[in-house]
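Trainee: here is my input; please provide its structure:
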Amino acid sequence: MYKEICVFVENKPGKLSRVAETLGKAGIDILALEIANEGQFGVLKILTAEPDRAKTILEEAGMTCAFNNVAVVEIPDHPGGLLRLAKALEKSGINVTDAYGCILERGKRAVFVVKGDQLETIETAAAEAGLRVLEQLE
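Mentor: Okay, the predicted model is just below:
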């Protein structure tokens, strides 16, 4: 399992740039980002190679943060690359309701981030399908 950082912000202009600037000044690279709209507030869901340090830095800047555990699965970056994971999750009876992905190396590898209450089952299904479950990102 991997730690996704959730940053809770008001839905106002400049909130994303403040988070990006804070992490950038600290030398922390955002590897993946999802923005969820929750009405008056939003949640920035961030993957970074340094989740603990990033959370501390954001909190020191006055932001409210939390961790979510997620499954991060490396998949090949080519058409149909997600299919092996999707079939493995289907075979295990897992319905994906919250996920996102990003490319790590164009034409080589991507990651798919899956959330839910069956993370161990998701990781087992991915591993049994010959996919690599990541514990850390580089």
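Trainee: check which helix or strand covers residue 32.
Mentor: Applying DSSP states H and E as the criterion places residue 32 in strand 30-38.
Trainee: paired strands for that strand, with orientation please.
Mentor: Strand 30-38 has its sheet partners listed here by DSSP bridges as strand 41-48 (antiparallel).
Trainee: in terms of secondary structure, what does the top strand by length along the chain contact?
Mentor: The residue-count maximum for a strand in the chain (DSSP state E) belongs to strand 64-76. Strand 64-76 sits against strand 2-10, helix 51-60, helix 83-91, strand 109-114, helix 119-128, strand 132-133, with contacts defined as 3 or more C-beta pairs under 8 Å, 6 or more residues apart in numbering; DSSP states H and E. Glycine gets a C-beta too; all of them are placed from N, C-alpha and C.
Trainee: can you give the domain ranges for the protein?
Mentor: For the chain, automatic domain parsing gives the domain ranges 2-69, 70-133.
Trainee: need those domains in a markdown table (columns: mean pLDDT and mean neighbour count).
Mentor: Converted to a markdown table, the domains of the chain look like this (pLDDT from 0 to 100; neighbours: other C-beta atoms under 10 Å):
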| stretch | mean pLDDT | mean neighbour count |
| --- | --- | --- |
| domain 2-69 | 92 | 15 |
| domain 70-133 | 90 | 16 |
